[in-house]
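Undergrad: output the structure for:
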Amino acid sequence: MSKKQLTYSEVARSELFRKLITKKKRFIIPMTLFFLAFYFTLPVLTAYSEVLNKPAVGAISWAWVFASTQFIMTWVLCSIYSSKSKSFDALCAEIKAEVQTSERKAG
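TA: Here you go, the predicted structure:
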């Protein structure tokens, strides 16, 4: 006796899967846009203005300060994603359980 396995399309149409994708998009798209805006601000400002060329502390310019904050921002975003991913993982576990239940009923 063979079990009927669900296809990706069938899983993708499920309510839980759509909920997962919606939650991920609501988180990832704004974070990506923020990251890109923050990242590209440095080269744009250094190329087209003198704002970051002024000294911040001693001989260290604001460009160096801004560049250093990009490392911090990357670590912060990674930390935020790591904690947020726990809710994504929980939804994935629910989806897996739902698929296994559906396959058992169909088989």
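Undergrad: all helices for this structure, in order.
TA: Counting by DSSP state H, the chain has helices at residues 8-12, 15-48, 62-106.
Undergrad: hey, least reliable of the ones you listed by pLDDT?
TA: Mean pLDDT values for the helices of the chain show the minimum at helix 8-12, a mean of 87.
Undergrad: circling back to that earlier point, closest one to residue 54 among the helices of the chain?
TA: For residue 54, the closest of the helices of the chain is helix 62-106, at 5.8 Å, according to CB to CB. For glycine as for every other residue, the C-beta is placed from the backbone atoms N, C-alpha and C.
Undergrad: so the closest one versus helix 15-48, what angle?
TA: 170 degrees (axes from the mean of the first three to the mean of the last three CA atoms, to 10 degrees).
Undergrad: so what's the residue nearest to the spatial centre of the chain up against?
TA: By CA atoms, centre = their mean, the mean C-alpha position of the chain lies nearest to residue 28, the distance being 3.7 Å. Contacts for residue 28 (CB atoms under 8 Å, 6 or more residues apart in numbering) come out as none.
Undergrad: how much space separates it from residue 12?
TA: Using CB to CB, to the nearest Å, residue 28 is found at 18 Å from residue 12.
Undergrad: got it, and residue 99?
TA: Distance from residue 99 to residue 12, counting by CB to CB: 11 Å.
Undergrad: these two: who's more crowded?
TA: Set residue 99 next to residue 12 and count neighbours by other CB atoms under 10 Å: residue 99 wins out with 17 against 12.
Undergrad: touching, that one and residue 11? I think so.
TA: Yes: judged on CB atoms under 8 Å, residue 99 makes contact with residue 11 at a distance of 5.9 Å.
Undergrad: re earlier: let me have the helices of the chain in a markdown table, extended by distance to residue 56.
TA: Converted to a markdown table, the helices of the chain look like this (distance: least, CB to CB, whole Å):
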| stretch | distance to residue 56 |
| --- | --- |
| helix 8-12 | 50 |
| helix 15-48 | 14 |
| helix 62-106 | 5 |
